[in-house]
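J.: can you look at this prediction? I've put the sequence above it.
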Amino acid sequence: MAAPRPNLARRPFVDTRPANLVAALLLAAAIGLTIVSVRTVRSYVEGSRTSREAIAGLRSEIGRYEQARREAEAKLARFDLAGMRAGSEEANALARLRTFSWTRFLTRLEKTLPNDVRVVSMGLSREKEKKSSERTAGPAEEEAFALSLSLVSRDPDGMPKLLRAFYASPWFDAPTPLSEAGGEQGSVEGRSLSISVLYRDREVKP
């Protein structure tokens, strides 16, 4: 077959098919990117709207909680919490004193005091005492009672004897002399002694 002869009446032949193919591909890519961009923007707008609605809901809920807190504080302000706490502590102290064995306490006090000492008055109050490292193992704090005694002794050495008696007792500890006054040995009135000591309902000393 003979080769076609060129037509000299037309312009030189230019093959535009590759350029058209590239242009079509670029156009398709542009259309695809546009569609993806539109979807991305729409998704962003939708997510932003959902986030704004969630934030608004959270703010509304926080506002309700704040209002409830203010109302609760206003209700609590009508009550004397300090007075109620003091009253409960006093009630607990009275309940503990009701269960306190006065018979056992007086028996132990009688066993501890020297024979020539007479009790004039006493005061007993509850207190918390931290246990030292030398005491027996147990809770970090134990219940103790502060005992104040006013006594009369005919012995001029009544205070030293009294201190030794309390130190030797398994129920009393930390005796502290407060005052001492009165007559000499053999006087009828005797010497007035005042002392404070700790009393525990259970034995803690060996």
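T.: The structure has been received and is ready for your questions.

J.: for the chain, which spans come out with low pLDDT?
T.: Applying pLDDT under 70 to the chain flags the ranges 1-15, 79-81, 83-84, 87, 89-100, 127-143, 183-189, 202-206.

J.: quick one, strands of it?
T.: Ranges of strands in the chain, per DSSP state E, are 117-130, 141-153, 172-182, 191-199.

J.: ok, which of those comes nearest Lys111?
T.: For the strands of the chain, the distance to Lys111 is smallest for strand 172-182, at 10.3 Å, taking CB to CB. Where you see a C-beta, it was placed from the backbone N, CA and C, and this is true even at glycine.

J.: one step back: from the strands of the chain, which stretch is densest packed?
T.: Highest mean neighbour count of those: strand 191-199, a mean of 19 (counted as mean count of other CB atoms under 10 Å).

J.: okay, the angle between it and strand 117-130?
T.: Inter-element angle recorded for strand 191-199 and strand 117-130: 30 degrees (by axes from the mean of the first three to the mean of the last three CA atoms, to 10 degrees).

J.: on that earlier part again, including distance to Ala56, could the strands of the chain go into TSV?
T.: Formatted as TSV, the entries for the strands of the chain read as follows, by distance: least, CB to CB, whole Å:
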stretch	distance to Ala56
strand 117-130	53
strand 141-153	52
strand 172-182	66
strand 191-199	64
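
J.: nearest to Val41, of those strands?
T.: Shortest separation from Val41 across those is recorded for strand 141-153, at 68.5 Å, computed as CB to CB.

J.: sheet partners, orientation included, of the closest one?
T.: strand 117-130 (antiparallel), strand 191-199 (antiparallel) (DSSP bridges).

J.: next, the angle strand 172-182 makes with it.
T.: With the same axes, to 10 degrees as the criterion, the two stretches strand 141-153 and strand 172-182 enclose an angle of 30 degrees.

J.: still on that earlier bit, so which of the strands paired with strand 141-153 gets nearest Ala24?
T.: strand 117-130 (91.8 Å).

J.: in the protein, which helix has the most residues?
T.: Secondary structure of the chain read by DSSP state H shows that its longest helix is helix 17-77.

J.: hmm, back to that, quick one: closest of the strands of the chain to Ala74.
T.: When these are compared by CB to CB, strand 117-130 sits nearest Ala74, at 35.3 Å.

J.: got the CA coordinates for that closest one in PDB?
T.: Extracted C-alpha coordinates of strand 117-130, given in PDB (Å, rounded to 0.1, in the frame of the first residue of the first chain):
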ATOM      1  CA  VAL A 117      -4.900  11.600 151.900                       C
ATOM      2  CA  ARG A 118      -8.600  12.800 151.800                       C
ATOM      3  CA  VAL A 119     -10.300  14.000 148.600                       C
ATOM      4  CA  VAL A 120     -12.100  17.300 148.900                       C
ATOM      5  CA  SER A 121     -13.200  17.800 145.300                       C
ATOM      6  CA  MET A 122     -12.500  16.500 141.800                       C
ATOM      7  CA  GLY A 123     -13.100  17.300 138.200                       C
ATOM      8  CA  LEU A 124     -13.100  14.900 135.300                       C
ATOM      9  CA  SER A 125     -13.100  15.800 131.600                       C
ATOM     10  CA  ARG A 126     -12.400  13.800 128.400                       C
ATOM     11  CA  GLU A 127      -9.500  14.500 126.200                       C
ATOM     12  CA  LYS A 128      -7.500  12.900 123.300                       C
ATOM     13  CA  GLU A 129      -4.000  11.900 124.100                       C
ATOM     14  CA  LYS A 130      -1.400  10.900 121.400                       C
END
